[in-house]
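*Asks:* Predicted structure and sequence below. I'll ask about it afterward.
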Amino acid sequence: MGGLTRVLAVASNTFRETVRERVLYNLVFFAILMTLSGLLLGQLSIRQDEKIIKDLGLAAMDGFGTLIAIFVGVGLVSKEIDRRSLFPLLAKPVRRSEFLLGKFAGLAFTLLVNVAVMAGGLYATLVLTGRRPDAGVLAAVYTIFLGLCMTVAVALLFSVFTSAALATVCTVSLVVAGRYADVLQHVREAAPGAPAWLVQAVYYAVPNFHLLDVKDHVVYGDPVGARALAALTAYAVVYMAVVLGIALFAFERREFT
């Protein structure tokens with residue numbers, strides 16, 4: 001229980017730090033965006049209006065969350081190193097693994113609050129514009145949150161290995177590659193000389209955000225079943241476990257001077 005308590009303490013401190021950095025202020029912008037979009041789209045047909053509001057809201061939720069996950073996630077470790085606040089912390093009975101997991105959990109909770117408030121804003125916009133709340137939106141919100149947690153894990157991994165600037169570039173590159181992971185399935189057709197094992201290795205190495213993207217299904221009213229959500233959850237958990245495992249291994253062996 002002592003280890004869990006220390007992880008939760010680091011997570012709580014991380015959440016307070018992100019709030020002090022005003023990272024949640026984007027929620028105000030999101031609320032204004034959703035309200036204005038509902039008013040501006042009021043002249044469209046009810047069905048078309050509802051689709052656009054859902055699409056815009058979910059896309060904004062994903063975009064804002066991804067920016068937070070990348071730029072705050074990269075700084076979780078590198079900022080502590082630059083300020084040299086990491087050294088006295090690790091001198092206390094806090095293991096490096098507990099520190100890293102606490103940082104991950106803290107930012108994941110920040111993103112959970114972020115996504116939950118944004119989802120509330122989306123539902124409020126639908127209601128205020130005379131549309132019926134759609135429970136299916138929650139499926140897209142959930143998969144967006146899974147993707148954001150995967151992004152945080154990737155950001156932490158690169159921040160352990162290199163500087164904040166390079167870690168940001170690497171994280172952004174991998175996230176963009178993950179958005180188009182489905183394209184890798186057709187690489188062999190476009191480049192017959194590419195080794196099959198290399199294509200498969202790259203495909204499994206990048207976070208497959210395309211697989212987690214169910215926004216179109218929700219916007220057009222296609223149900224996302226519990227079995228599909230369970231499979232997506234399993235994929236996200238396994239990917240995060242592998243990435244965080246590598247990050248923990250590297251962090252335990254890194255020398256700080």
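*Replies:* Yep, it's here.

*Asks:* which helices and strands sit right next to whichever strand or helix holds L58?
*Replies:* For L58, the element it lies in under DSSP states H and E is helix 46-82. Other elements packing on helix 46-82 under the criterion 3 or more Cβ pairs under 8 Å, 6 or more residues apart in numbering; DSSP states H and E are helix 26-40, helix 86-91, helix 96-128, helix 137-161, helix 164-179, helix 215-219. Backbone N, C-alpha and C define where each C-beta goes, glycine included.

*Asks:* Go again with 10 Å.
*Replies:* Helices and strands touching helix 46-82, by 3 or more Cβ pairs under 10 Å, 6 or more residues apart in numbering; DSSP states H and E, are helix 2-20, helix 26-40, helix 86-91, helix 96-128, helix 137-161, helix 164-179, helix 209-212, helix 215-219.

*Asks:* And the average pLDDT for that helix is what?
*Replies:* In this model, helix 46-82 has an average pLDDT of 79.

*Asks:* tell me the angle that helix makes with helix 137-161.
*Replies:* On the basis of axes from the mean of the first three to the mean of the last three Cα atoms, to 10 degrees, helix 46-82 is oriented at 20 degrees to helix 137-161.

*Asks:* most neighbours per residue, which of the helices and strands packed on helix 46-82?
*Replies:* Highest mean neighbour count of the helices and strands packed on helix 46-82: helix 137-161, a mean of 24 (counted as mean count of other Cβ atoms under 10 Å).

*Asks:* so that one versus helix 96-128, what angle?
*Replies:* Using the same axes, to 10 degrees: helix 137-161 against helix 96-128 is 150 degrees.

*Asks:* what's helix 137-161 packed up against?
*Replies:* Here helix 137-161 touches helix 46-82, helix 96-128, helix 164-179, helix 209-212, helix 215-219, helix 226-253, going by 3+ Cβ pairs under 10 Å, 6+ apart.

*Asks:* mind saving the C-alpha coords of the third one as PDB?
*Replies:* Only the C-alpha atoms of helix 164-179 are listed here, as PDB (Å, rounded to 0.1, in the frame of the first residue of the first chain):
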ATOM      1  CA  ALA A 164      12.000  18.300 -24.200                       C
ATOM      2  CA  ALA A 165      12.400  19.800 -27.700                       C
ATOM      3  CA  LEU A 166      13.400  16.500 -29.300                       C
ATOM      4  CA  ALA A 167      10.900  14.500 -27.300                       C
ATOM      5  CA  THR A 168       8.200  16.900 -28.600                       C
ATOM      6  CA  VAL A 169       9.200  16.300 -32.200                       C
ATOM      7  CA  CYS A 170       9.400  12.600 -31.800                       C
ATOM      8  CA  THR A 171       6.000  12.400 -30.000                       C
ATOM      9  CA  VAL A 172       4.300  14.600 -32.600                       C
ATOM     10  CA  SER A 173       5.800  12.500 -35.400                       C
ATOM     11  CA  LEU A 174       4.600   9.200 -33.800                       C
ATOM     12  CA  VAL A 175       1.100  10.600 -33.100                       C
ATOM     13  CA  VAL A 176       0.800  11.800 -36.700                       C
ATOM     14  CA  ALA A 177       2.000   8.300 -37.900                       C
ATOM     15  CA  GLY A 178      -0.600   6.700 -35.600                       C
ATOM     16  CA  ARG A 179      -3.400   8.800 -37.100                       C
END
